[in-house]
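Asker: I'll drop the sequence and a predicted model, then ask my questions.
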Amino acid sequence: LARREGADEVVVLTPKATERMRLLRHVEEMLPQAIAQGELFLQYEPKLQLRDRRIIGAEALVRWHSPTLGIISPGLFIPVIERLGLIGTLTPWVLDRALAGLRTLRDRGHREIVVAVNVSGSDLKNGLVHAVTTALDRHGIPPQALEIEITETAIIQDLSDAAQVMRSLRDLGVHVAIDDFGTGHASLTYLRTFPVDSIKIDRLFVQSVDVSSVDQAIVSSVIALGSALGLMVVAEGVETESQRDKLSRLGCLHGQGYLFTRSLSLDQFEEMLKGRETGNGRRET
Ligand code: C2E
Ligand code: MG
Ligand code: MG
Ligand code: MG
């Protein structure tokens with residue numbers, strides 16, 4: 001199966017609009033059965049300390065292995081799921097699988113790992129807090145070991161629901177992260193009213209951080225803001241040693257990205273954890 005090393009490979013959309021329409025229609029037709037038939041699966045992207053590459057957690061990323069189309073990225077099918085009104089099925093499934101995975105890791109002694117789950121804008125209206133408590137209880141996971149990532153864009157689109165859900169999650173003890181920070185064109189003042197634990201600097205600002213003084217200025221100010229507010233700051237999409245080095249020097253303590261590894265199956269992630277713990281800091285690319 002292509003899952004092992006191919007899970008970051010995605011279906012490439014041809015520029016032809018008709019092709020794209022056909023693909024989307026196919027996705028729309030096949031998706032409802034896909035969950036039931038076990039075609040969705042999670043990959044894990046490690047979250048590390050930039051200075052010493054110690055792994056502190058992993059972000060769960062959903063993929064769809066379609067028998068006809070191959071492995072499809074969430075960027076393509078999540079919008080379709082939202083349009084079909086199926087997000088209320090997907091998110092509880094992702095939470096359940098991610099926490100089952102975390103249960104396995106904890107049972108094998110990896111008790112410090114935090115797992116992050118992405119949610120959509122429409123989750124903010126529909127029972128997210130209930131889905132979270134259900135999954136935590138089912139797998140006996142302490143709330144502090146779960147992080148929920150909400151994109152800046154989703155927050156802006158629905159400020160009052162977002163504020164309420166984020167507050168409830170934090171009251172439970174679940175960590176809340178703002179994903180894709182800097183891309184939603186939000187006013188920074190919303191950080192005053194939104195209870196969050198961490199912000200994830202979007203890849204857009206990371207990709208040229210080692211060469212662009214503008215991006216350095218932006219990243220520095222996000223780090224300054226984050227630390228003044230007591231938030232964890234995570235850089236997304238770190239691809240090169242030069243970016244890692246620059247981010248570290250700017251005071252960014254945490255990151256994820258292809259420099260460290262492509263996303264992994266749960267077993268591969270555990271192998272990586274074991275490698276680190278025995279001091280065998282093996283790099284996987
Ligand atoms: P995201 O949460 O911002 O996730 C980061 C995306 O960047 C992932 O793409 C990841 O594979 C990719 N990435 C990580 N490191 C690098 C790097 O160094 N370079 C580059 N070029 N890319 C990198 P992916 O898995 O295709 O996910 C896309 C988006 O789909 C995610 O963005 C997230 O917003 C959404 N998503 C993923 N899983 C779920 C889910 O279970 N539920 C919901 N609602 N959304 C999800
Ligand atoms: Mg994310
Ligand atoms: Mg992101
Ligand atoms: Mg992103």
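Answerer: Sure, I can see it. Ligands and ions are numbered 1, 2, ... in the order given.
Asker: helix or strand for Leu191, which one?
Answerer: Using DSSP states H and E, Leu191 sits in helix 190-193.
Asker: ditto for Met272
Answerer: Using DSSP H and E, Met272 sits within helix 266-277.
Asker: Are there helices or strands packed against that helix, and which ones?
Answerer: If you count contacts as 3 or more Cβ pairs under 8 Å, 6 or more residues apart in numbering; DSSP states H and E, helix 266-277 packs onto strand 40-49, strand 55-66, helix 87-107. (Each C-beta comes from the backbone N, C-alpha and C, glycine too.)
Asker: Mind doing that once more with 10 Å?
Answerer: In terms of contacts (3 or more Cβ pairs under 10 Å, 6 or more residues apart in numbering; DSSP states H and E), helix 266-277 is packed against helix 3-6, strand 40-49, strand 55-66, helix 87-107.
Asker: And the strands in the stretch 101-250 of the chain?
Answerer: 114-119, 146-151, 175-181, 198-201, 232-235 (DSSP state E, counting those that start in this stretch).
Asker: Quick check: buried residues in the longest one?
Answerer: By neighbour count on 16 or more other Cβ atoms under 10 Å, the buried set for strand 175-181 is His175, Val176, Ala177, Ile178, Asp179, Asp180, Phe181.
Asker: got it, and stretch 234-243?
Answerer: Val234, Ala235, Glu236, Gly237, Val238, Gln243.
Asker: Then stretch 144-155?
Answerer: In terms of neighbour count (16+ other Cβ under 10 Å), stretch 144-155 has its buried residues at Ala145, Leu146, Glu147, Ile148, Glu149, Ile150, Thr151, Glu152, Ala154, Ile155.
Asker: just to revisit the earlier point, would you turn the buried residues of strand 175-181 into CSV with distance to Phe260 and pLDDT?
Answerer: What follows is these, written out as CSV (distance: Cβ to Cβ, whole Å; pLDDT from 0 to 100):
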residue, distance to Phe260, pLDDT
His175, 21, 98
Val176, 24, 97
Ala177, 18, 97
Ile178, 22, 95
Asp179, 18, 95
Asp180, 19, 95
Phe181, 20, 93
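Asker: Tell me which two in those residues are the farthest apart.
Answerer: His175 and Asp180 (16.8 Å; Cβ to Cβ).
Asker: Please see if the helix or strand where Pro79 lies touches ligand 1.
Answerer: Assigned by DSSP H and E, Pro79 belongs to helix 74-83. Yes. Judged by Cβ under 6 Å from any ligand atom, helix 74-83 and ligand 1 are in contact via Pro74, Gly75, Ile78.
Asker: That concludes my questions; thank you for your assistance.
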